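K.L.:
no sequence on this one, just coordinates:
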């Protein structure tokens, strides 16, 4: 599979992420169509030139004319879609996705998929605290990471194709990880941080403290505004990894608690020096 | 005590915060002097017009000519300073500070202080991840909160004087809280968030993950670069409050962990909905 500017791209699930993909790909000159159950979303995207054409139902005609299909659906819905409609793809179609967990999705999809189409999974690590195609904006990709997660069933061409998609979208850094490595990374840098932000907000009702809040608190809880349908599914689909990360983190909190109980100033300073040194690796 | 543009202001401890105070107050036309043990800091501040005059030692001459003295010292050093040098103040001098914990500082200072000077405490909730007068910048006050923490020993005039100081410095919001209320607020919005950021960095060595890190992780750990001498002291001085906040937070994490263990999707969604609703109170 090679990129060809005449290829028609179909986006299945036109929300914030699908819409942002559409914007970036139309800018490059591709014909972009989309399927979504929300008529308002399809109408908005057509009127604003985000897509060339939209459908609110899955039709053979819409699917079979696509050379590239990008799935932006919740994992469960994604699997059902493939089961139900994969007969519509024309041979040689290439499929990719934007799903935030990989091990539990990629292998299942590939196992049930027709042998004459290829599914190469990817995770665009970008987002906003709002959703819907109405808020889509391909600038969210600019400083972000894009991770391609191939398996043994993928071809070298498929992997190259998907890396180039990441570059087309404008991502700053393109990486390749196995689905398992991806899920381990995500469990820490994304899921654990969301668990923490939610816990900070729910552990007590501090609304009267809003007036006294500094930027550190706002930064830590920006992601506490969370899409509960998507994230509850993502958490449970990566359960073993996330539980392990939570245990590590909770163990560390307990250690710092003990240092405080014992007035162990040197122990606390040691933790802070380590924290300061490690944080330097994460500077942009 | 009323504000008078001819008053001479002395800053004791010329770091990031003291230097930023000096910039703001000199801009308004006050004569600003400073005492600091670091000759390089005093030299830098004098050369760059941040202060009018600097001293590297405490002299009777420097202290007795000041109408306002602003302490930007670690709590322990602050108390020692007052014990040793309070004889130098001229009667009617007004003192304030920038200390990040209050109950354990304010009462002690006021109890040992001469009756003819007034100490009115305040906490400027601003900062940067770098320190030293060389990084001082009074723009850090612009969107920040300033909390005045009077006790029964303070006069109404003293409280008004200190609120006006907050306005002079350019703070967005000026509040008045008791030292105890202040420490409870700070334990949550500032200290707990720093404990979390440090724990995230120290719970495992994830430096190889830096490449895959999104903005949420960077936001959550910005404050993980931390001044260990200052923060270990602040944590322990507010120990009962901080331990209580940590326990609440750890309890909440454990609850979310249980919901995940039990695949309780509805329970997880409920937490996320609550988190989303509460976070809205903290929007600027």
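P.N.:
Right, received. Where do you want to start? Every value quoted in this text rests on a predicted model; they were computed, and no experiment measured them.
K.L.:
Against which helices or strands is the helix or strand of chain A with the lowest mean pLDDT packed?
P.N.:
Using mean pLDDT, DSSP states H and E, the weakest-scoring helix or strand in chain A turns out to be helix A:215-221, at a mean of 80. Here helix A:215-221 touches helix A:193-202, helix B:193-202, helix B:215-221, going by 3 or more CB pairs under 8 Å, 6 or more residues apart in numbering or on different chains; DSSP states H and E. Quick note: C-beta positions are derived from backbone N, CA and C, even for glycine.
K.L.:
Please see if the next helix or strand after the shortest one touches chain A.
P.N.:
Tracing the chain C-terminally past helix B:215-221 and defining elements by DSSP states H and E, one meets helix B:228-237 next. Yes. Contact between helix B:228-237 and chain A, assessed by CB under 8 Å from any CB of the partner chain, occurs at B:228, B:229, B:231, B:232, B:233, B:235, B:236.
K.L.:
Where does pLDDT dip in chain A?
P.N.:
Of all residues in chain A, those with pLDDT under 70 make up the ranges A:284.
K.L.:
Please enumerate the helices of it.
P.N.:
Secondary structure of chain A (DSSP state H): helices located at A:16-27, A:39-47, A:60-64, A:75-85, A:103-112, A:156-169, A:179-186, A:193-202, A:215-221, A:228-237, A:239-261, A:265-279.
K.L.:
Make CSV out of those and add distance to residue B:279.
P.N.:
Listed next are the helices of chain A as CSV, based on distance: least, CB to CB, whole Å:
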stretch, distance to residue B:279
helix A:16-27, 18
helix A:39-47, 25
helix A:60-64, 38
helix A:75-85, 25
helix A:103-112, 29
helix A:156-169, 29
helix A:179-186, 22
helix A:193-202, 6
helix A:215-221, 6
helix A:228-237, 13
helix A:239-261, 20
helix A:265-279, 24
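K.L.:
which one of the helices and strands packed on helix A:215-221 lies closest to residue A:143?
P.N.:
Proximity to residue A:143 (CB to CB) singles out helix B:215-221 among these, at 7.5 Å.
K.L.:
ok, the spatially most central residue of chain A - contacts?
P.N.:
Nearest residue to the geometric centre of chain A (CA atoms, centre = their mean): residue A:100, 3.9 Å. Going by CB atoms under 8 Å, 6 or more residues apart in numbering or on different chains, residue A:100 touches A:123, A:186, A:190, A:230, A:234.
K.L.:
Now distance to chain B too, for the residues you listed, in CSV please.
P.N.:
What follows is these, written out as CSV (distance: CB to the nearest CB, whole Å):
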residue, distance to chain B
A:123, 9
A:186, 8
A:190, 6
A:230, 10
A:234, 10
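K.L.:
quick one: the closest residue to chain B within the stretch 1-150 of chain A from residue B:210, how far?
P.N.:
As assessed by CB to the nearest CB, chain B sits closest to residue A:125 within the stretch 1-150 of chain A, at 4.7 Å. The gap separating residue A:125 from residue B:210 is 13 Å, by CB to CB, to the nearest Å.
K.L.:
more neighbours, the two?
P.N.:
A direct count of neighbours by other CB atoms under 10 Å in any protein chain shown for residue A:125 and residue B:210 places residue A:125 higher, at 26 against 16.
K.L.:
just checking, residue A:55 touches residue A:33?
P.N.:
Yes. With contact defined as CB atoms under 8 Å, residue A:55 counts as touching residue A:33 (7.2 Å).
K.L.:
Are there residues contacting both of those two? Which ones?
P.N.:
Residues touching both residue A:55 and residue A:33 (CB under 8 Å, 6+ apart) are residue A:62.
K.L.:
The two: which has the busier surroundings?
P.N.:
Taking other CB under 10 Å, residue A:55 and residue A:33 do not tie; residue A:33 has more neighbours (22 against 19).
K.L.:
quick one, what contacts that one?
P.N.:
Contacts of residue A:33 by CB under 8 Å, 6+ apart are A:8, A:9, A:10, A:11, A:51, A:52, A:53, A:54, A:55, A:62, A:66.
K.L.:
List the beta-bridge partners for it.
P.N.:
With DSSP bridges as the criterion, residue A:33 is bridged to residue A:10, residue A:53.
K.L.:
how close does it get to residue B:114?
P.N.:
Per CB to CB, residue A:33 is found 80 Å from residue B:114.
K.L.:
quick revisit: ok, so of the contacts of residue A:100, who is nearest residue A:74?
P.N.:
Comparing those against residue A:74 with CB to CB places residue A:230 closest, at 6.4 Å.
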